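Novice: My questions concern the predicted model and sequence given below.
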Amino acid sequence: MTNAVDKSKVPWWVSNLIVPLVNLVLALLVSALFIFIAGENPIKAVKLIIYGSFGYLDGFAYTLYYTTNFVFTGLAFAVAFHCRLFNIGGEGQAYIGGLGVFLVAINVSFLPVPIVWLLAIAGAVVFGAAWAFIPAYLQAKRGSHVVITTIMFNFIASSLMVFLLVDVIRDMKQMGPHTVALPKEIWFPTFKEFAALFGIKIRYSPLNISFLLAIAASFFVWFLVWKTKWGYEMRAVGHNTQAAIYAGISPYKNIIIAMCISGGLAGLLGINEILGVHHKIVAGFPAGYGFTGIAVALMGRNHPIGIFPAAFLFGILYQGGSEVTFDMPNITRYMFVAVQGVIILFSGALENLFRPQIESFFVNRLNRKVSV
Amino acid sequence: MEFLLDLASLVNSTLRISTPLVFAAMAGIFAERSGVIDFSLEGKMLMAAFVAAVGSYYFGNPWIGLFMAIVMCVSLSMLHGFASVTHKGDQVVSCVAINILIIGLTTALAAAWFGQAGLTPTLTDEQRFLEITLPFADSLREVPIIGLIYSEILSGHYVFVYLGYISVPIVYWVVFKTSFGLRVRAVGENPSAVDTAGINVFAMRYKALAINGVLIAFAGAHLSTAVNANFFREMSAGRGYLALAAMIFGKWHPKTALIACLLFGFTDALQIRLQGVELPVVGEIPVQLIQAIPYVLTVVLLAGFVGKAIAPNAIGQPYIKER
């Protein structure tokens, strides 16, 4: 063990940029090893990822579409994490949030379009928050660990939604487990239509104005967590519950608020997927984005400024990854689930692996410069 | 008689279905009693299932598969220890990382090695564990009551079922009656006191995690080389979390955890029985809702309608040795 360095002497960019980057590189090296074990060439895979995500405009638009989803789920995890709560139920909250989007949108579609959108966003937030409320309440009042209850709520959400999609809200004229499509007027404008205004032709891209909503959500989270009394209380409870209680802050209230905001943010995934892409509820549409949010938040150090680039990086991995699975028969999309696990391991659990060494290295170098 | 036979087969399947939960709960007791949270039971169980299936397939012997699963699970437990004991990383994050990593890696490797579906090849009878018929089970079948209990309920299980229930008293004895168990519990309750007594806190936690790895490997092997004859994607289906809930419900104690595991097993057995059955009053319950019953039960049990659960005092906190 190296001697710990005086934290105040470590420049911010060392602890917030260099250390996370080193951890990311380590994670990617381990991931390359997995690709090698699966019998493919990791360097070729990296080339395919870069081409798939940046090489052509359609691909890049896909990257930003995935980024949108990861911003929502990443912010969701981060907000709860500031209260020391592990909301790993983003998947279920997004699923139920999507139900909210659909039910609201289909019932108010006669209203002016912007109002329908606002109501649909409210539907996503309220449904997602409601799904997070029960685990939150049980954590606050009964001490039931939120990791287990939120995971269980993912399973329950999945069962409930399949039941609804098969027996209740299915498009009865079709066989597949999905609902009828929403009226075309209320679909979110897509990047394709926008690009067409400038005479740029794109074949297909799911990217839509939800991307702007993701940016707005990032600002909202930053403001909420760092600039409001609520956010301060939430962080206080997360940092030191006993001290917070002495300061007159109720942990119960804050646990519930943090989880509900978290669930609401996860619910926004439903906006991108349903108003922007599918225009109906398709069975299993959250497709693991909720879990990826954990990796995104931990890599982005739970701050919107970090979460946005982390979400973009995962967008690259997803979009580039689909290019890889297309070209390399031995690689499936599950390989990129494993990559997420490795990234969570190195940028979350093992974040202090080389931190002391790196920090003392930079502190010593900087000191030497000063003394010269 | 018809009813009794039905009941016997329900109890029989309860015993079988509870087995992986029992192993996982016992594994969880070791880790958590020593002060290390272990949500990664789920991932380790899945990894064990994958490795056991692949090992049995390549070497033609399920015991070799089981051994490889044990090695792999102990390694994963050591990884968890390396991150959360040695490097004092967040224990829950470490578990979530292991779980996501393994969901991805097992399916990705199964697909890479055995084709796109992500299944391992079906094991032949030589490559898997078979049901064991206890001695005299056939001749005792006709004896009233005893025959029913012995031949219909106790006989005809996989080796893991017997091992699982034998492990409960052993775990109880080790944790509560030996000096090793006392140290494990002490490390989980008050690590600095243990340190003062000259016992290495880190070493104790690693030892507890190693035992945890061995036990959880049995749960995975049971799934892929006994009950099923291959590995398939996410086949652990939340059992690691169910077991953890059972352990918490059982207040970190083998006996009560066993009862909770049996309760889960019974609900699951009943759930399978209820599918497609017309019930009085409510009629046929949709299958998706029936399948959700074990998960709902978990939440209900965790909500602790029988009193609040009190975890080991030092759980989740990395131990920092003062200098």
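Specialist: Sure, I can see it. Residues are numbered from 1 along each chain as shown, chains lettered A, B, ... in the order given.

Novice: Walk me through the domains of chain A.
Specialist: A:1-40+A:329-372, A:65-307 (automatic domain parsing).

Novice: Please identify the most buried of the ones you listed.
Specialist: Greatest average neighbour count among the domains of chain A goes to domain A:65-307 (a mean of 21), per mean count of other Cβ atoms under 10 Å in any protein chain shown. Placement of C-beta: from N, CA and C, glycine included.

Novice: and that domain, is it in reach of chain B?
Specialist: Yes: Domain A:65-307 is in contact with chain B by Cβ under 8 Å from any Cβ of the partner chain, via A:86, A:88, A:134-135, A:138, A:142-145, A:147-149, A:151-153, A:155-156, A:159-160, A:162-163, A:166-167, A:291, A:294-295, A:298.

Novice: any idea of the mean pLDDT in that domain?
Specialist: In this model, domain A:65-307 has an average pLDDT of 91.

Novice: what does stretch A:341-350 give?
Specialist: 88.

Novice: how about the domains of chain A in CSV, adding distance to B:Ile216?
Specialist: Below are the domains of chain A laid out as CSV (distance: least, Cβ to Cβ, whole Å):
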stretch, distance to B:Ile216
domain A:1-40+A:329-372, 18
domain A:65-307, 17
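
Novice: Out of those, which gets nearest to B:Leu302?
Specialist: domain A:65-307 (3.9 Å; Cβ to Cβ).

Novice: Surely A:Val146 and A:Met259 touch.
Specialist: Yes: counting by Cβ atoms under 8 Å, A:Val146 does reach A:Met259; the two are 7.3 Å apart.

Novice: residues shared between the contacts of these two?
Specialist: Shared contacts of A:Val146 and A:Met259, defined by Cβ atoms under 8 Å, 6 or more residues apart in numbering or on different chains, comprise A:85, A:87, A:135-136, A:139.

Novice: Of these, which is the nearest to chain B?
Specialist: Checking those against chain B by Cβ to the nearest Cβ gives A:Pro135 as the nearest, at 7.9 Å.

Novice: quick one: the strands in the stretch 101-250 of chain B?
Specialist: Taking DSSP state E, counting those that start in this stretch as the criterion, the stretch 101-250 of chain B contains no strands.

Novice: Any stretches of it with poor pLDDT?
Specialist: Low-confidence segments of the stretch 101-250 of chain B (pLDDT under 70): B:116.

Novice: Could you show which parts of it are in contact with chain A?
Specialist: By Cβ under 8 Å from any Cβ, the residues of the stretch 101-250 of chain B that approach chain A are B:101-105, B:107-109, B:111-113, B:116, B:118, B:233, B:238, B:241, B:244-245, B:248.

Novice: Quick check on those residues: which are buried?
Specialist: B:101-105, B:107-109, B:111-112, B:118, B:233, B:238, B:241, B:244-245, B:248 (16 or more other Cβ atoms under 10 Å in any protein chain shown).

Novice: any idea how far the nearest residue to B:Thr86 once chain neighbours are set aside lies from B:Val194?
Specialist: What sits nearest to B:Thr86 in space, not counting adjacent residues and going by Cβ to Cβ, 6 or more residues apart in numbering or on different chains, is B:Phe202, at 6.8 Å. Per Cβ to Cβ, to the nearest Å, B:Phe202 is found 11 Å from B:Val194.

Novice: Skipping adjacent residues, who's closest to A:Leu265 in space?
Specialist: Per Cβ to Cβ, 6+ apart, closest to A:Leu265 is A:Ala76, 3.9 Å.

Novice: secondary structure element for that neighbour?
Specialist: For A:Ala76, the enclosing helix or strand under DSSP states H and E is helix A:57-82.

Novice: Give me the helices and strands touching the helix or strand just after that helix, please.
Specialist: The helix or strand immediately downstream of helix A:57-82 is helix A:90-108, counting by DSSP H and E. On a contact count with 3 or more Cβ pairs under 8 Å, 6 or more residues apart in numbering or on different chains; DSSP states H and E, helix A:90-108 meets helix A:57-82, helix A:113-142, helix A:146-163, helix A:251-267, helix A:269-270, helix A:289-299.
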